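J.: A predicted structure for the sequence below; I have some questions about it.
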Amino acid sequence: MQRFATALVMPLSLGLLLGLAGLVLVWRVRWLGVFVAGLGLGLIGACSLPAVATALMSQLERDYPPQAAADCEPADAILVLGGAVQPLLIGDLRPRLHRGSDRVWEAARLYHAGCASQVVVSAGGKLEPPIAAPEAEAIAELLTALGVPRSALRLETESRNTLGNARSSREVLDSSGTRRVLLVTSAWHLRRAVAIFEQAGFDVVPVGADYRSISSCRGLQCWLPSAGALEASGLALKEFLGYLVQVQLRKRSRGRTTFLSLSERVGLRLSCRS
């Protein structure tokens with residue numbers, strides 16, 4: 001349900017829905033229908049511009065610049081999040097990479113630089129055909145191919161999103177007393193991921209990968225629509241929305257709960273005194 005709701009507010013989906021709504025409204029209120037349809041097409045067009053995508057991504061990535069593995073801060077573990085490779089499908093002989101696989105490369109670099117003695121892979125998802133194994137298994141296979149010994153790996157395979165990553169990783173690592181982690185994920189995902197993992201009780205050192213705004217567009221190409229820019233804009237808007245819902249609103253909710261709890265305690269003490 002959460003993924004469906006998120007998909008609906010992405011630029012392409014939302015723009016198409018507004019366009020369809022505009023076509024329906026044209027038959028009743030022509031000017032309103034044209035306005036709504038134009039709004040939908042304008043949203044898709046604007047988010048397809050590299051200049052817009054770069055501006056949105058840079059807002060998310062600017063606080064997490066690339067760093068050399070040799071400059072890492074020592075930690076109890078390197079924790080790499082899912083979204084790095086495709087889950088293993090029935091019949092696959094090897095993991096299938098996509099752009100997010102930079103996360104795996106970064107985790108391996110940190111391990112070989114001696115930043116931590118263990119690598120935790122947090123990546124689950126539904127196990128149903130054609131998926132044959134959780135993504136964590138595919139990431140582990142890549143890490144061993146990059147020289148990380150299997151004995152140094154710990155896999156968390158139950159999570160399905162960032163909140164689940166934090167909660168399930170906490171359960172996996174509680175027995176070892178691990179608190180300080182080098183959190184490896186895409187740079188545009190770090191702001192939300194860091195906040196969520198800190199709420200779960202981790203001491204987080206962020207490590208970025210899969211940068212989308214390092215090579216900013218130049219000249220005319222910034223204003224030529226592209227599918228890649230539309231994808232990047234969608235990812236950025238998803239992160240802004242996720243941060244608002246999963247971090248800021250949760251903080252306010254916890255704050256109200258704490259305030260009410262304190263008020264009840266004060267009220268109880270006053271009633272006892274009286």
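T.: Cool, the structure landed.
J.: residue nearest the centroid of this structure?
T.: Central residue check for the chain by C-alpha atoms, centre = their mean: the C-alpha nearest the mean position is that of H189, 4.1 Å away.
J.: V205 belongs to a strand?
T.: Yes. Per DSSP: H, G, I helix; E, B strand; the rest coil, V205 lies within a strand segment.
J.: Around it, count how many other residues there are.
T.: 20 (other C-beta atoms under 10 Å). Backbone N, C-alpha and C define where each C-beta goes, glycine included.
J.: what's near enough to touch it?
T.: Contacts for V205 (C-beta atoms under 8 Å, 6 or more residues apart in numbering) come out as C72, E73, A75, R180, V181, L182, L183.
J.: returning to that earlier point: touching, the residue nearest to the centre of the chain and E239? I think so.
T.: Yes. Under the criterion of C-beta atoms under 8 Å, H189 makes contact with E239 at 6.3 Å.
J.: Would you mind listing the residues touching both of these two?
T.: Residues touching both H189 and E239 (C-beta under 8 Å, 6+ apart) are L60.
J.: measure V80 to R160 for me?
T.: For V80, the distance to R160 (C-beta to C-beta, to the nearest Å) stands at 16 Å.
J.: can you check A227 too?
T.: Applying C-beta to C-beta, the value for A227 to R160 is 27 Å.
J.: Those two - which one has more neighbours?
T.: R160 (15 against 9).
J.: Let me know the pLDDT of the residue nearest to the centre of the chain.
T.: Note on H189: pLDDT of 97.
J.: got it, and L260?
T.: For L260, the pLDDT comes out at 45.
J.: in the chain, which ranges drop under the pLDDT threshold?
T.: Applying pLDDT under 70 to the chain flags residues 1-2, 214-216, 255-274.
J.: can you list the domain ranges for it.
T.: Domain segmentation of the chain under automatic domain parsing yields 2-61+226-253, 69-209.
J.: Would you mind finding the most buried of these?
T.: Mean neighbours per residue, mean count of other C-beta atoms under 10 Å, is largest over the domains of the chain for domain 69-209, with a mean of 19.
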